[in-house]
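[1] Model the structure of this input:
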Amino acid sequence: MNRNGSVRLRWIGWALTSALPLVFVTGCGTWQKQRGTEIDRPAKSVARLTVDVRTDRPAQPGRPVTVGASGGRLYAVSLTGPDGKPVPGGNAAGDATWTNSVPLAYNTTYTLTAAAVDAFGLTATRTETFTTLAPEAERGVASMLPEADTTVGIGMPITVTLQKPVTDPAQRAEVEKRLLVSASTPVEGAWGWVDDTTVRYRPREYWPVGTRVSVATSLLGVDFGNGVYGGPGASFGFEVGDAVVATVDSAAHTMTVKRNGTDLKTVPVTTGKPGFTTRSGTKVVLGKAPHVLMDGTTVGISADSSDGYRLDVSWATRVTWSGEFLHAAPWSVSAQGSENVSHGCVGMSDENAKWFYDQVKVGDVVTVVNTGDAKAMEPIGNGYGEWNLDWAQWLTHSTVGAATTRGL
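    Have a look, this model is predicted:
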């Protein structure tokens, strides 16, 4: 091989091995830096651009557009929609390709322009115009909890309810991947399916106090089959307040309330009597109301029974959908602190119930211990009972598994 051939090989080797993951490259071309070498400058760039979209086939919005370069470096990439606004994108660390970082819209025409520079400083460009597919139907998010811009307790999970059931594991995995959780304090957590339309996010441990959380729920690009694709979603955020935790000891007939690990107060209570035992385990505050009409017939107790009741109850803090509350029970003050006489709720005096009502918020934690009965809080379906599952058990409800939240 002559000297010119060896120099040319060194140039090509440099172009192939020194490509960096840059969207923009600045400075003079390397040709000027090598004027003293004996090499023929080509008439056009040796860089070649690759694009994974085609004009004759609709693009799938859920699959990122990928742009690559061989024989040189990516110089610039522009992806714009009909409004002319650029679609965000970039290079992952150590990756010489460009991809968009947000999903594309359905049934929309985009223009992609890319440029690459080779070792001689010569630029190659490529422009493609393509259209994304048009779904026959869309399936999106029906509701989200907690409510946006609220302050919640450390036990509050994130709940996303879908418009229609999802049973296919691959589709469930795609849904989980699209539901993005970001937090100011990183936590390990996982989405888990509690039924076919409801997916819930639980951190491995309780949320750290003061954490700000943001959730994005767009399902754009999820292929549900038969022409049905995921719909656009919304983003919402919330903040985690003080750690308020109440421990109800049914055997001792007391409730101790702590804030951020410090005891606030211990009050006498009464819990469920035999046959109506209060569920043991960890529960999460679902809501509060200053007055609630409680009717025994709604939980299967006949109005004619000696256990029947219909009462206007004050300062009611709800912890199960089946009807367990912590509330004022002035009719049982004589038993509070000494005997369990309720139909499953935690009863206390008007004064103590009002005090507790003022301390707690949605998402705070209530744990019931020493009931002497096997009746326990359901992990799924009767409120936010997921904290009664250990981490390995919770992960059996997830398709994708655990991940650490993105930063805010």
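[2] Which SSE is immediately downstream of the helix or strand that contains residue 313?
    Assigned by DSSP states H and E, residue 313 falls within strand 310-318. Counting by DSSP H and E, the next helix or strand C-terminal to strand 310-318 is strand 325-328.
[3] In that next one, which residues are buried?
    Taking 16 or more other Cβ atoms under 10 Å as the neighbour-count basis, strand 325-328 is seen to contain the buried residues 325, 326, 327, 328. For every residue, glycine as well, the C-beta is placed using N, CA and C.
[4] Alpha carbons of that strand, in CSV - could you do that?
    What follows is strand 325-328, C-alpha atoms only, in CSV (Å, rounded to 0.1, in the frame of the first residue of the first chain):
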residue,chain,number,x,y,z
PHE,A,325,-64.2,5.7,60.3
LEU,A,326,-62.5,7.3,63.2
HIS,A,327,-65.3,9.6,64.6
ALA,A,328,-67.0,11.2,67.6
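[5] which other helices and strands contact the helix or strand just after it?
    Counting by DSSP H and E, the next helix or strand C-terminal to strand 325-328 is strand 346-348. On a contact count with 3 or more Cβ pairs under 8 Å, 6 or more residues apart in numbering; DSSP states H and E, strand 346-348 meets strand 325-328.
[6] rewinding a little: now the buried residues of strand 325-328 in TSV, with distance to residue 70 and pLDDT?
    Shown next, in TSV, are the buried residues of strand 325-328 (distance: Cβ to Cβ, whole Å; pLDDT from 0 to 100):
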residue	distance to residue 70	pLDDT
325	67	97
326	67	98
327	70	96
328	74	97
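[7] now, among those residues, which is nearest to residue 255?
    Among the buried residues of strand 325-328, residue 326 lies closest to residue 255 (Cβ to Cβ), at 7.6 Å.
[8] residue ranges with poor pLDDT in this protein?
    1-39, 92-95, 295-299, 302-304, 306-310 (pLDDT under 70).
[9] where do the helices sit along it?
    With DSSP state H as the criterion, the chain has helices at 3-17, 30-33, 169-178, 350-359, 391-395.
[10] Count the neighbours of residue 71 for me.
    For residue 71, the tally of surrounding residues (other Cβ atoms under 10 Å) stands at 17.
[11] can you check residue 80 too?
    Residue 80, neighbours per other Cβ under 10 Å, totals 14.
[12] beta partners for it?
    For residue 80, the beta-bridge assignment (DSSP bridges) gives partners residue 86, residue 111.
[13] quick one, what contacts it?
    For residue 80, the contacting residues are 86, 87, 110, 111, by Cβ atoms under 8 Å, 6 or more residues apart in numbering.
[14] got the contact list for the last one?
    If I follow you right, that is residue 111. By Cβ under 8 Å, 6+ apart, the contact set of residue 111 is 78, 79, 80, 127, 128, 129.
[15] Likewise for the third one?
    Residues touching residue 110, when contacts are defined by Cβ under 8 Å, 6+ apart, comprise 59, 65, 79, 80, 81, 87, 104, 129, 130, 131, 132.
[16] Can I get the buried part of those residues as one PyMOL selection?
    For the buried members of those, the matching PyMOL selection, counting by 16+ other Cβ under 10 Å, is:
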select buried, resi 59+65+79+87+104+130+131+132
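[17] nearest to residue 290, of the contacts of residue 110?
    For these, the closest approach to residue 290 (Cβ to Cβ) belongs to residue 104, at 48.9 Å.
[18] measure residue 143 to residue 376 for me?
    As judged by Cβ to Cβ, to the nearest Å, residue 143 and residue 376 stand 28 Å apart.
[19] Pick out whichever of these two has more residues nearby.
    Using other Cβ under 10 Å, the more surrounded residue of residue 143 and residue 376 is residue 376, with 15 against 11.
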